[in-house]
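Student: sequence unknown, structure follows:
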DNA sequence: TGGTCGATCAGCT
DNA sequence: GCTGATCGACCAA
């Protein structure tokens, strides 16, 4: 359709976060397309952001990809069992990223349903249909994203973001699960589509 | 509808 | 040894 190129990602994570809401994340697994509209994100601003893994310029094996090219994926393991996926923003050597917190399933809904619950989308209960991708760990399971996707370039063929010209109303709020981040807990760096059921909270 | 709690492990200290 | 950008199960009311 309309795959976004490198220049789209080369901007601050706050800007990129807002631009990503409403776009479509696509993952092709062995030729099978799985996709969903990005409905909720959070910006992590890097060096000066106490909530970011790269706060203070912390550069380790884990955070290394955030220092890389904008438009690549940063995938990390949280609580020993869930993956979270980010899109790297900013310039090279500027460790910013946008966390994807919720998507609305579009293509490959049966594949997603199988990844999450081992059954077809049709067979899911009402609750399961919402819970399929309304959280950062959940959407990674549904879309088949794990640590092997760390560092993958969204400007290539099997993983990318496209613009289908959807322009929903976006609202901002405080980021979730960062109680340790002192003054940064109050920054309104979470953005989501208003009234969308696949938003994780609020 | 909301609170608490266990799972499970890489990256730090 | 401790902790976390989470989730789901369980329990109380």
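Tutor: Thanks, I have the structure now. In this text the structure is predicted, and so the values were computed from the model without any measurement. Numbering: from 1, shown residues only, chains lettered A, B, ... in the order given.
Student: check contacts around the most centrally placed residue in chain A.
Tutor: A centroid search over chain A (CA atoms, centre = their mean) returns residue A:100, at 1.9 Å, as the residue closest to the centre. Neighbouring residues of residue A:100 by CB atoms under 8 Å, 6 or more residues apart in numbering: A:20, A:25, A:38, A:40-41, A:84-87, A:136, A:139. Every C-beta, even on glycine, is put in place using the N, C-alpha and C of the backbone.
Student: ok, it to residue A:149 distance?
Tutor: Distance, residue A:100 to residue A:149, using CB to CB, to the nearest Å: 12 Å.
Student: how about the residue nearest to the centre of chain A, secondary structure?
Tutor: At residue A:100 the chain is in strand, as set by DSSP: H, G, I helix; E, B strand; the rest coil.
Student: gap between it and residue A:133?
Tutor: The spacing between residue A:100 and residue A:133, counted by CB to CB, is 10 Å.
Student: Spell out which parts of chain A neighbour DNA strand C.
Tutor: Counting by CB under 7 Å from any atom of the strand, the residues of chain A lying close to DNA strand C are A:42, A:44, A:51-54, A:74, A:77-82, A:84, A:86, A:97, A:99, A:116, A:131, A:135-139, A:175-178, A:180, A:200.
Student: can you do 6 Å?
Tutor: A:44, A:51-53, A:78-80, A:82, A:84, A:86, A:97, A:99, A:131, A:135-138, A:176-178, A:180, A:200 (CB under 6 Å from any atom of the strand).
Student: I'd like to know which of those residues are buried.
Tutor: Neighbour-count burial within the residues of chain A next to DNA strand C applies to A:44, A:51-53, A:84, A:86, A:97, A:99, A:131, A:135-138, A:176, A:178, A:200; the criterion is 16 or more other CB atoms under 10 Å.
Student: mind listing what the residue of chain A most remote from its centre touches?
Tutor: Most distant residue from the mean C-alpha position of chain A: residue A:123, 26.5 Å away (CA atoms, centre = their mean). Residue A:123 sits next to residue A:113 when contact means CB under 8 Å, 6+ apart.
Student: same question, residue A:165
Tutor: Listed by CB under 8 Å, 6+ apart, the contact set of residue A:165 reads residue A:2.
Student: Please report how far it lies from residue A:22.
Tutor: Between residue A:165 and residue A:22 the computed distance is 9 Å (CB to CB).
Student: before we move on, what about residue A:145?
Tutor: Using CB to CB, we find residue A:145 at a distance of 20 Å from residue A:22.
Student: Among these two, which residue is more densely surrounded?
Tutor: Applying other CB atoms under 10 Å to residue A:145 and residue A:22 shows that residue A:145 carries more neighbours, namely 24 against 21.
Student: where does the more buried one land in three-state SS?
Tutor: Under three-state DSSP, residue A:145 falls in the coil class.
Student: Now it: closest residue in space that isn't a chain neighbour?
Tutor: Distances taken as CB to CB, 6 or more residues apart in numbering put residue A:85 closest to residue A:145, at 5.1 Å, once the chain neighbours are dropped.
Student: doesn't the one you found fall inside a helix?
Tutor: No. Counting by three-state DSSP, residue A:85 is not part of a helix but strand.
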